[in-house]
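In: sequence first, predicted model second:
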Amino acid sequence: MVCSSPLIIALDYPHADQALAMADRLDPAKCRVKVGKELFTSAGPAVVEALQAKGFDVFLDLKFHDIPNTASKAVKAAAELGVWMVNVHASGGRRMMEACREELEALTLPQKPLLIAVTVLTSMSAEDMAELGFGSPEQQVLKLATLAKNSGMDGVVCSAMESALLKSELGQSFQLVTPGIRPEGFGSGDQRRIVTPSKAMLNGSDYLVVGRPVTQSNTPVDVLDSIINSLQ
Ligand SMILES: O=c1ccn([C@@H]2O[C@H](COP(=O)(O)O)[C@@H](O)[C@H]2O)c(=O)[nH]1
């Protein structure tokens, strides 16, 4: 199944059966899916394979952050699982990111995953960053995204609030994956740097990650269709 949609639905569930039931209501031509820490810890590689068997491209969002050897071997394992996208934390540093890239380059797979680095989590506000002794989210995102690009990453995870800046500073082909997407009228929850789907696309995001607005809705397919309509 070839998917040209920018939408990635975060299947944040405690058990595989819930994730697979939601996947059955989704169309792999209209969205990709994301498996994160909760679902992967509970259900393991089998749930990734089950989603792939249903025709979905899978973003394995485990945000590896470890010494270069450990992180790069984890990226290799993800690639061998056939995922479409995998990520690491940019704050793991240049040597860690370069090791991950080298591990992928050494593989002889027909299709390798996109290798993406997380900059500053979309749940982090300016106040949260100051408390950690960092500058503004925008400054830190630009710093980490520049390092990620120079370390061989295909793109970064950031808020769509930073997409226009990153496209202008780092170029159109550097992929921007943006969670913290909230259609009008949906609560932000724990997210702090939120953007609507249409504004995120206007700002230059390549991929929009949407979780609870779809997965916690009584009418998930209607919500997804209305997001798709808002992008046209
Ligand atoms: O900076 C980040 C990185 C990852 N995420 C993940 O995206 C989804 C967002 O879910 P919502 O329910 O739409 O808030 C979730 O799986 C996070 O782990 C992120 O939000 N921010």
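Out: Done, it's in. Numbering: from 1, shown residues only.
In: so what's residue 63 up against?
Out: Counting by CB atoms under 8 Å, 6 or more residues apart in numbering, residue 63 makes contact with 37, 87-89, 118. (C-beta placed from N, C-alpha, C; glycine too.)
In: and for residue 122?
Out: Counted by CB under 8 Å, 6+ apart, residue 122 has contacts 158-159, 178-180, 191-194.
In: and for residue 217?
Out: Taking CB under 8 Å, 6+ apart as the definition, contacts of residue 217 comprise residue 223.
In: give me the neighbour count for whichever residue of the chain sits closest to the ligand.
Out: As assessed by CB to the nearest ligand atom, the ligand sits closest to residue 211 within the chain, at 2.5 Å. Residue 211 has 19 neighbours, counted by other CB atoms under 10 Å.
In: can you tell me the closest non-neighbouring residue to it?
Out: Among residues not flanking residue 211 along the chain, residue 10 sits closest, at 3.3 Å (CB to CB, 6 or more residues apart in numbering).
In: I figured that neighbour hits residue 36, correct?
Out: Yes. Distance between residue 10 and residue 36: 6.3 Å, which falls inside the contact criterion (CB atoms under 8 Å).
In: so the two - more neighbours on which side?
Out: residue 10 (22 against 18).
In: ok, and the closest non-adjacent residue to residue 88?
Out: residue 64 (4.4 Å).
In: please name the nearest non-neighbouring residue to residue 227.
Out: Counting by CB to CB, 6+ apart, the residue nearest residue 227 is residue 197, at 4.9 Å.
In: and the one you found, what are its phi and psi?
Out: phi -60, psi -50 (degrees, to the nearest 10).
In: many thanks, have a good one.
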